[in-house]
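> One predicted model, sequence on top.
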Amino acid sequence: MSSHLTPLQVCERMIGSVEDVARICGTDRKAGYHWRHASQTRSAGDFPSARHLRFLLGHAAKIGAPLTADHLVWGATEVEINALMAKWHKQRAAQVAAQ
């Protein structure tokens, strides 16, 4: 059985550290650590605002990462993210080899 990743965990797998994710969202680099815990207005691992989601989707598009809006709302299984990342790394390696 695979484990389910939160939206923040998906971003950490695809983009980088929690500090990288927070920086991309336009916040202090340490803000992301708070997102790992639930608050009165959101569940643990969710992002505080739609603005953050737009920044993350824009960054993912810029680097070609397979991040989707569904990942940012629902998260994903670890198996799904591992498969997407393997495919993405293979595509990037092929692009580098073609250059």
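Ah, there it is.
> so where do the strands sit in this structure?
In the chain, the strands defined using DSSP state E lie at 4-5, 76-77.
> Would you give the sheet partners of the last one, along with the direction of each?
Spelled out, it's strand 76-77. strand 4-5 (antiparallel) (DSSP bridges).
> give me the number of residues near the residue nearest to residue 84 when sequence neighbours are not counted?
Using CB to CB, 6 or more residues apart in numbering and skipping residues adjacent in sequence, the residue nearest residue 84 is residue 66, 4.4 Å away. For every residue, glycine as well, the C-beta is placed using N, CA and C. When neighbours are defined as other CB atoms under 10 Å, residue 66 has 15 of them.
> go on, residue 91?
By other CB under 10 Å, 12 other residues sit near residue 91.
> Next: residue 28.
Using other CB under 10 Å, residue 28 has 12 neighbouring residues.
> For it, which residues are in contact?
By CB atoms under 8 Å, 6 or more residues apart in numbering, the residues touching residue 28 are residue 22.
> show me where pLDDT drops low in the chain?
1-2 (pLDDT under 70).
> At the geometric centre of it, which residue sits there?
residue 11 (1.5 Å; CA atoms, centre = their mean).
> Quick check: residue 61 vs residue 79, distance?
The spacing between residue 61 and residue 79, counted by CB to CB, to the nearest Å, is 24 Å.
> right, I mislabeled it, should have said residue 96
Distance, residue 96 to residue 79, using CB to CB: 26 Å.
> out of these two, which sits in the busier spot?
Higher neighbour count among residue 96 and residue 79: residue 79, with 12 against 8, using other CB under 10 Å.
> can you give me the end-to-end distance of stretch 43-57?
20 Å (CA to CA, to the nearest Å).
> Buried ones in that stretch, by neighbour count?
Using 16 or more other CB atoms under 10 Å as the test for burial, stretch 43-57 gives 45, 46, 47, 52, 53, 55, 56, 57.
> Tell me which residues are up against that stretch.
5-9, 11, 15, 21, 24-27, 35-38, 41-42, 67, 69, 72-73, 75.
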